[in-house]
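**Q** Coordinates only, no sequence provided:
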């Protein structure tokens, strides 16, 4: 196996190990995929979603995602993107407060563009 072939196998193994299958893992995958596909060096996205019914029932959900395209081949057919994400929820339900632990996720995405070279 050539050195390029062994690097490819290592990248695939890392992709499988790095993906966390939960909501946060999916957000991290999206950030990594967007970075790898777009060619952006860095992208960042933050969301805050408040939901209020009344004073005893409300919820605030927040998430942060960051992705980076840290490798792109000269012919732009191969690219690697990495993504990180975190989520946190807190609020009040029937007068009782809740505060979840922050969730973290990470992903590594490999993109290969098929088709004719330009």
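**A** Alright, I've got the coordinates. Please read these numbers as outputs of a predicted model, since none were measured by experiment.

**Q** When you work out contacts or count neighbours from here on, use the C-alpha atoms and nothing else.
**A** Noted.

**Q** who touches the nearest residue to residue 72 once chain neighbours are set aside in this structure?
**A** Leaving aside its chain neighbours, residue 72 sits nearest to residue 79 (4.3 Å; criterion: CA to CA, 6 or more residues apart in numbering). Residue 79 makes contact with 36, 37, 69, 70, 71, 72, 73, 110, 111, 112, according to CA atoms under 8 Å, 6 or more residues apart in numbering.

**Q** which pair in the residues you listed spans the largest distance?
**A** 70 and 112 (14.4 Å; CA to CA).

**Q** Which one's more surrounded, those two?
**A** When neighbours are counted by other CA atoms under 10 Å, residue 70 comes out ahead of the other of residue 70 and residue 112, with 16 against 12.

**Q** name the element the more buried one belongs to?
**A** Secondary structure here is read from DSSP states H and E; on that basis residue 70 sits in strand 57-72.

**Q** What are the buried residues along the helix or strand just after that strand?
**A** Moving toward the C-terminus from strand 57-72, the next helix or strand (DSSP H and E) is strand 78-93. In terms of neighbour count (16 or more other CA atoms under 10 Å), strand 78-93 has its buried residues at 78-92.

**Q** Quick one: mean pLDDT over strand 78-93.
**A** Model confidence over strand 78-93 averages 88 on the pLDDT scale.
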